[in-house]
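Peer 1: I would like the atomic coordinates for the input below:
(2 chains)
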Number of protein chains: 2
Amino acid sequence: MTQIKPYRLTASQARHEICSGNLTVEQYALSLLSRINGRDPTVKAWAHLNPDLVVEQARNLDRIAPEDRGPLHGVAIAVKDVIYTKDMPTQHNSPIYDGSHPRVDAASVAILRQAGALILGKTTTTEFAATLKGPATCNPHDPTRTPGGSSSGSGAVVGDMQAPIALGTQTGGSTIRPGSYNGIYAMKPTWSSISREGQKLYSLILDTLGIYTRSVEDLQLLADVFHLEDDEMPDTNFDVAKSKFAVYKTMIWPSVGPGTESAMEKAVQLLRKHGALVEEIEFPMELQDLPEWHLTIMKADGRTAFLPYYRMAKQDMDPLLIDHVEDVWKVSHAAHLTAFDNISMARPKVDKILGNYAAVLVPSVPDEAPVGIASTGSAAFNGIWTVMRPLERVPLPSKKIN
Amino acid sequence: MTQIKPYRLTASQARHEICSGNLTVEQYALSLLSRINGRDPTVKAWAHLNPDLVVEQARNLDRIAPEDRGPLHGVAIAVKDVIYTKDMPTQHNSPIYDGSHPRVDAASVAILRQAGALILGKTTTTEFAATLKGPATCNPHDPTRTPGGSSSGSGAVVGDMQAPIALGTQTGGSTIRPGSYNGIYAMKPTWSSISREGQKLYSLILDTLGIYTRSVEDLQLLADVFHLEDDEMPDTNFDVAKSKFAVYKTMIWPSVGPGTESAMEKAVQLLRKHGALVEEIEFPMELQDLPEWHLTIMKADGRTAFLPYYRMAKQDMDPLLIDHVEDVWKVSHAAHLTAFDNISMARPKVDKILGNYAAVLVPSVPDEAPVGIASTGSAAFNGIWTVMRPLERVPLPSKKIN
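Peer 2: I've put the predicted structure just below:
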C-alpha cells in the first residue's frame, strides 16, 4: 500500500502503484469513492455516479492479466455530462435529456476505456455546455466561488482530488477557465486532433475535447493514449536557459484584475531567473477583432445547434439558447462567412508569429474565480485561442485561492 | 383515396392527401410497406425496418388533432444507418456496432419527428459511410448496377418509391453520387446549416447531412423544416430567359463517359432553348489542386475519426479505414494544415466566381452507374464542392439507366 492516501495520487502515480502490485484497482476506487463521499456535499460536482458500478468495473480490471493491461490500467477518469458513456446516462444539464441514456461511448471514452481506464461517473456542466449559468457545483478551494464552466464538475473533481483526470469540452473557454479556477492543468488539444464524436454539439469549428490533470506527466500520458503527436519529435535537449519565450497579454488585457496581473508577472520573472529570453509581443492591427470573430461564429453556429431543442421544448431551454435560435443578434449569413474567412486568414499568420518561440504565455482568465456560483465567469481570454489551431495549455493557473 | 397508389406519391402530394382527409397515415404506411415487401428482395436497401413499429407510429400520427399536426405530418422518411434514431438500432455497417442502439435521436431526426414525420427505418451504407465497398444494395433501375454510396440504401429507396424522402450524408460524394445513379433529387446543404449531431463522424469540416426526394417541391418542404434560408428572400420574378448560367466542367472532365457528356450538353441546350445565357467557365490556375486538397483533408481527418475502432477491433475494420489510422499515405500535420489553408483561401474566390450566375451546372458523376455492386463508383466530381460552402444540388441526374 502507498504511503499517501490513494485518492491523492496523480494518474501516473496511481498507475505505477497498481502496476507494481502495491495497490489494486478496487482499493484505489474505494479510496476515491470515500473522498467523493466526504466532499460531495460541499463541492456537488457529480451529475451521475454509481459506486456499485465503479467497484464492479474496478474488480473487472483487477482480473485482467498483467500482460493484457492497457496504458491507463485502473486510472480513474471523470467525464463531463455532455459526452456519451454507454453504461451511464448523459443528461447535458437539460430537462429535455432527463434520464437520457444513449448506450454508446463517445470516441474519446471508447479510447480511454480501451486503454484500461476506470470511468468513474459524469460531472456537472452548464446547460448543453453552452450557457454561463453555473450548476450547483462550488469551487473546492473556496465554496463561495465558482469552479468556472462549462466543465464545472470536471474542473472541480480534479482540483479536489476526487479524480486524477477528467474530460471537459471547450467552445469558448470551457476547459481552460475551470483549469485556472481550480488550480489544475488543463489542455485544449488542437481542433479535431481527438475525435469529438459523441459529445454535445455547439459549434463544429470550435468544439474541442479538453483534458484536466494534476501533473504534466499525466497530460503526457493522455496525449500518448490519444495518439497526439507532431511531425517531428520534440527536442530532448530543450533547455529553458537557451530558449526564447513570448508573453502576449492580448487585446483583452485592460479587463484583468490583480490576480492575473501578478501571475503573469511572476511567470515572466521565473523564466528570466532561469535564463530564458522573454519578449512581450503584440498581434498586428488586422488581428485585433479576433474576439469578435469568435463570438460571431458562436452566435451563428448556435442557431443551427439548438434548433432541435427549440422545436421540441423551447420552454425547457435557457433564454440564451433561445436567443441563439431566434437570432436576436441578427448575425447574417454573410457576416458568418466573413467571420470564417477572417479566422482562416488569421490562422497561418498566428502560426507564424507563435512559431518564433518555444512557448507563448497568455492569460487564461481575467482574475481569480469570482465569488458566487450563479455565473461561471468570463471566457474573454479563451475565445481568441479556441478559434486558432495550436495546442493551448494552461501555463499559468491564476493566483491560488487558498 | 387517391387515384395513384399512395407509395408513388411525392412527400408533398402525400401530405396534401393526408391533410385533405383522402388518406390516413396508416393507409399510406401500409402502401409503402407493401411496396417495400415486394421490392426488397431485389433492391436490398434496408439495414433495419420494423413494420409493426411503422404501423404503430402511423396510427399515433393519425390520432393527432388536425390543428396540432406538423408541416411533415405523416410524411415517410428513411434514415441512413449512420444517423441515430431513438427507436431503432444504428449499426454503421460495421460488426463493431452489430445491434448497437443509442436511445437518442440525431438532431436531424429530432427536427423531422417534431415536424410530424413518420420515420420508416434505416437504410444501408458503406462501412461508417467511409469506404467504397458497397453493401448488398442494388440499383433499383438495373439490379446489375450499383446505387452508388455511401448513402446506397437512401438513394435506392427514394429512386424505387419505397420512401418519398431519405436522409444521407456526404464527406466525399456520398449524397450527390447516389442521387445521380438513382435518378432522383439530391441536396447537400451548405456545411453546418443543418446540425450533424448524432451522425457518424469522418471529417468535421467535410461531413454534411444530405437529402433525397423525387421533386423540387419536396426539397423546398424540407429546406423550410430545417430552417434553411438566405439573408435575402429569393427573387420571385426569376425568369430563366433573362438569366445568366454557367457550366463548369471542372478539372475532372477528362474522366467523363458518354452519359455525363450528353447529359451536360442536353442541359445547356435546354437552358439556351428557354432563352438563358449560358457561359462555360474555368477556375483559375491556383484552384486546380482542389481535388487534392479535399483528399488530403479526408485522409488526415480519418486518422482521428477511426482511431477508436482501430483500438477496439482492428480485425473488424475495412482495410481502407486501417490505412487511415496507420497513415499509409504519410500525410504530415503540416500538409493537413496547408490543405485547410488552401481550402480557406479558395472559398471566397469560388463564392465570387459562382456569385456571377443564377446557377452553375457541374457534373455529378463521371458517367451512369457502373455495373456491379462491389464498388459504389467514383466521387471525383463531388469532393471539389464538398469542401466549398455553397448549396450543391443535382441539376443533372446522369442519363437514366432504364
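Peer 1: okay, and whichever residue of chain A sits closest to chain B sits in which element?
Peer 2: Going by CB to the nearest CB, chain B is nearest to A:Ser344 of chain A, at 3.2 Å. (Each C-beta comes from the backbone N, C-alpha and C, glycine too.) For A:Ser344, the host element (DSSP states H and E) is helix A:333-354.
Peer 1: please compute how far the following helix or strand past that helix lies from its chain's middle.
Peer 2: Downstream of helix A:333-354, the next assigned helix or strand under DSSP H and E is strand A:359-361. Its chain's C-alpha centre and that of strand A:359-361 lie 19 Å apart, by CA atoms, centre = their mean, to the nearest Å.
Peer 1: dump the C-alpha coordinates for whichever helix or strand comes after strand A:359-361 into CSV.
Peer 2: Per DSSP H and E, the first helix or strand lying C-terminal to strand A:359-361 is helix A:383-386. C-alpha atoms of helix A:383-386 as CSV (Å, rounded to 0.1, in the frame of the first residue of the first chain):
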residue,chain,number,x,y,z
GLY,A,383,-12.1,32.6,-27.5
ILE,A,384,-9.1,34.0,-29.4
TRP,A,385,-7.3,30.7,-28.9
THR,A,386,-10.3,28.4,-29.4
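Peer 1: which helices and strands does helix A:383-386 pack with?
Peer 2: With contacts defined as 3 or more CB pairs under 8 Å, 6 or more residues apart in numbering or on different chains; DSSP states H and E, helix A:383-386 has these neighbours: helix A:290-305.
Peer 1: picking up where we left off before, my guess is the residue of chain A closest to chain B contacts B:Asp341. True?
Peer 2: Yes - look at A:Ser344 against B:Asp341 with CB atoms under 8 Å: they come within range, at 7.2 Å.
Peer 1: not counting sequence-adjacent ones, nearest residue to the spatially most central residue of chain A?
Peer 2: Geometric centre of chain A, nearest residue: A:Thr175, 2.8 Å, by CA atoms, centre = their mean. Among residues not flanking A:Thr175 along the chain, A:Gly210 sits closest, at 2.8 Å (CB to CB, 6 or more residues apart in numbering or on different chains).
Peer 1: wait, A:Gly153 sits on A:Gly121?
Peer 2: No - A:Gly153 is beyond contact range of A:Gly121, at 9.2 Å (criterion: CB under 8 Å).
Peer 1: check the offset of the helix or strand hosting A:Leu61 from the chain's centre.
Peer 2: Assigned by DSSP H and E, A:Leu61 belongs to helix A:51-62. Distance of helix A:51-62 from its chain centroid, counting by CA atoms, centre = their mean, is 26 Å.
Peer 1: just after that helix, pick out the following helix or strand.
Peer 2: Criterion used, DSSP H and E; the element after helix A:51-62 is strand A:76-80.
Peer 1: okay, that following strand in CSV with CA atoms only?
Peer 2: What follows is strand A:76-80, C-alpha atoms only, in CSV (Å, rounded to 0.1, in the frame of the first residue of the first chain):
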residue,chain,number,x,y,z
ALA,A,76,-9.9,6.7,-12.8
ILE,A,77,-11.4,9.3,-15.1
ALA,A,78,-14.4,11.6,-14.7
VAL,A,79,-16.4,12.5,-17.8
LYS,A,80,-18.3,15.8,-18.4
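Peer 1: was I right to think A:Ser108 contacts A:Ile211?
Peer 2: No - the criterion here is CB under 8 Å, and A:Ser108 misses it with A:Ile211 at 9.2 Å.
Peer 1: and the strands in chain A?
Peer 2: A:46-48, A:76-80, A:118-123, A:165-170, A:185-188, A:208-213, A:244-247, A:277-280, A:359-361, A:392-393 (DSSP state E).
Peer 1: mean neighbour count and mean pLDDT for those strands - can I get that in a markdown table?
Peer 2: Formatted as a markdown table, the strands of chain A follow (neighbours: other CB atoms under 10 Å in any protein chain shown; pLDDT from 0 to 100):
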| stretch | mean neighbour count | mean pLDDT |
| --- | --- | --- |
| strand A:46-48 | 21 | 98 |
| strand A:76-80 | 29 | 98 |
| strand A:118-123 | 26 | 98 |
| strand A:165-170 | 30 | 98 |
| strand A:185-188 | 25 | 96 |
| strand A:208-213 | 26 | 97 |
| strand A:244-247 | 17 | 97 |
| strand A:277-280 | 13 | 98 |
| strand A:359-361 | 19 | 95 |
| strand A:392-393 | 21 | 37 |
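Peer 1: tabulate those (JSON lines), appending distance to A:Asp230.
Peer 2: Converted to JSON lines, the strands of chain A look like this (distance: least, CB to CB, whole Å):
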{"stretch": "strand A:46-48", "distance to A:Asp230": "35"}
{"stretch": "strand A:76-80", "distance to A:Asp230": "24"}
{"stretch": "strand A:118-123", "distance to A:Asp230": "29"}
{"stretch": "strand A:165-170", "distance to A:Asp230": "21"}
{"stretch": "strand A:185-188", "distance to A:Asp230": "14"}
{"stretch": "strand A:208-213", "distance to A:Asp230": "17"}
{"stretch": "strand A:244-247", "distance to A:Asp230": "19"}
{"stretch": "strand A:277-280", "distance to A:Asp230": "23"}
{"stretch": "strand A:359-361", "distance to A:Asp230": "14"}
{"stretch": "strand A:392-393", "distance to A:Asp230": "14"}
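Peer 1: and the ones you listed: which comes nearest B:Gln3?
Peer 2: strand A:165-170 (54.2 Å; CB to CB).
Peer 1: what pairs with that closest one, parallel or antiparallel?
Peer 2: Looking at strand A:165-170 with DSSP bridges, its partner strands are strand A:76-80 (parallel), strand A:208-213 (antiparallel).
Peer 1: make TSV from these and add distance to B:Gly259 to it.
Peer 2: Shown next, in TSV, are the strands paired with strand A:165-170 (distance: least, CB to CB, whole Å):
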stretch	distance to B:Gly259
strand A:76-80	51
strand A:208-213	44
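Peer 1: and of the ones you listed, who's closest to B:Thr169?
Peer 2: Closest among the strands paired with strand A:165-170, once you apply CB to CB, is strand A:208-213, at 22.0 Å.
Peer 1: up against chain B, what does the stretch 251-400 of chain A have?
Peer 2: Remark: the part of the stretch 251-400 of chain A in contact with chain B comprises A:301, A:304-305, A:307-308, A:311-312, A:332-334, A:337, A:340-341, A:344-345, A:347-348, A:351, A:389, using CB under 8 Å from any CB of the partner chain.
Peer 1: among the residues you listed, which ones are buried?
Peer 2: By neighbour count, with 16 or more other CB atoms under 10 Å in any protein chain shown, these hold A:301, A:304-305, A:307-308, A:311, A:337, A:340-341, A:344-345, A:347-348, A:389 as buried.
Peer 1: which of the residues in stretch A:232-252 are buried?
Peer 2: A:Ser243, A:Phe245, A:Ala246, A:Val247, A:Tyr248, A:Lys249, A:Thr250, A:Met251, A:Ile252.
Peer 1: for the second one, give me its contacts.
Peer 2: Translated: A:Phe245. Residues in contact with A:Phe245 (CB atoms under 8 Å, 6 or more residues apart in numbering or on different chains) are A:Leu271, A:Ala276, A:Leu277, A:Val278, A:Glu279, A:Tyr357, A:Ala358, A:Ala359, A:Val360, A:Leu361.
Peer 1: please redo it, this time with the cut-off set to 6 Å
Peer 2: For A:Phe245, the contacting residues are A:Leu271, A:Ala276, A:Val278, A:Tyr357, A:Ala358, A:Ala359, by CB atoms under 6 Å, 6 or more residues apart in numbering or on different chains.
Peer 1: and these, which is closest to A:Ala136?
Peer 2: A:Ala359 (36.5 Å).
Peer 1: give me the neighbour count for the nearest residue to A:Trp253 once chain neighbours are set aside.
Peer 2: With sequence-adjacent residues excluded and distances taken as CB to CB, 6+ apart, A:Trp253 is closest to A:Pro363, at 7.3 Å. Using other CB atoms under 10 Å in any protein chain shown, A:Pro363 is surrounded by 27 other residues.
Peer 1: A:Gly149 now?
Peer 2: If we define neighbours as other CB under 10 Å, then A:Gly149 has 32 of them.
Peer 1: show me what from the stretch 101-250 of chain A comes close to chain B.
Peer 2: Contact residues, the stretch 101-250 of chain A versus chain B (CB under 6 Å from any CB of the partner chain): A:102-104, A:107, A:110-111, A:114, A:192, A:195, A:197, A:201, A:204, A:231.
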